[in-house]
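J.: Make a model of this:
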Amino acid sequence: MNLIGCLKEHYHRVMDIPAAPQKIARGAAIGLALDFLPLPLISIPIAYLVARLAGGNGLAAVLTAVFFKWAVPFFYVLDMVTGGLILRYNDLSSVSQIIGIFHQPQTGWLEKFSLLGYPFILGAVLNATLAFVILYLVLSKGLLLRRKGRQASKQV
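T.: Reported below is the predicted structural model:
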């Protein structure tokens, strides 16, 4: 299945969850936002717990966190670039720094992230916040419109 087909399947799976639109949007936004943070693999159960604590849908959080695992390396590079721009640390070797750190077999994942420093952490927090806000707004509006359309078609 191609990427567009996977995106459509994931979209329909999340949109068809029987819950309030705001809860689904909050859960999905939390799932995506946590993929920007340096929480490899443990972001899936954390997404569920945070979504439930924040009043969101845990299933939407888990589905979104699992689906976007393929994009985590891109998110980490974006985190490093964003943090570097904010801190005026315009070193173009940041991408090769990330790749080099993750190819060191002798260090654990926590040590690898600590080697990336403040630009990475700042970028991760900013990008996670931005991703949360954008996905929440788009998905909550999309869910409301979708449900209105389905109700209108049932009344006809």
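
J.: Which helix runs longest in the chain?
T.: helix 118-155 (DSSP state H).

J.: Could I get the buried residue list for that helix?
T.: 119-128, 131-132, 135-136, 139-140, 143 (16 or more other C-beta atoms under 10 Å). The C-beta positions use only the backbone N, C-alpha and C, and glycine is treated the same way.

J.: Centroid-nearest residue for the chain?
T.: By C-alpha atoms, centre = their mean, the mean C-alpha position of the chain lies nearest to residue 32, the distance being 1.8 Å.

J.: Check which helices and strands the strand or helix carrying that one sits against.
T.: Using DSSP states H and E, residue 32 maps to helix 21-36. Helix 21-36 sits against helix 3-15, helix 43-53, helix 58-67, helix 72-86, helix 118-155, with contacts defined as 3 or more C-beta pairs under 8 Å, 6 or more residues apart in numbering; DSSP states H and E.

J.: can I get the ones you listed in a markdown table with mean pLDDT and distance to residue 25?
T.: Putting these into a markdown table (pLDDT from 0 to 100; distance: least, C-beta to C-beta, whole Å) gives the following:
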| stretch | mean pLDDT | distance to residue 25 |
| --- | --- | --- |
| helix 3-15 | 71 | 9 |
| helix 43-53 | 94 | 11 |
| helix 58-67 | 91 | 8 |
| helix 72-86 | 86 | 20 |
| helix 118-155 | 86 | 4 |
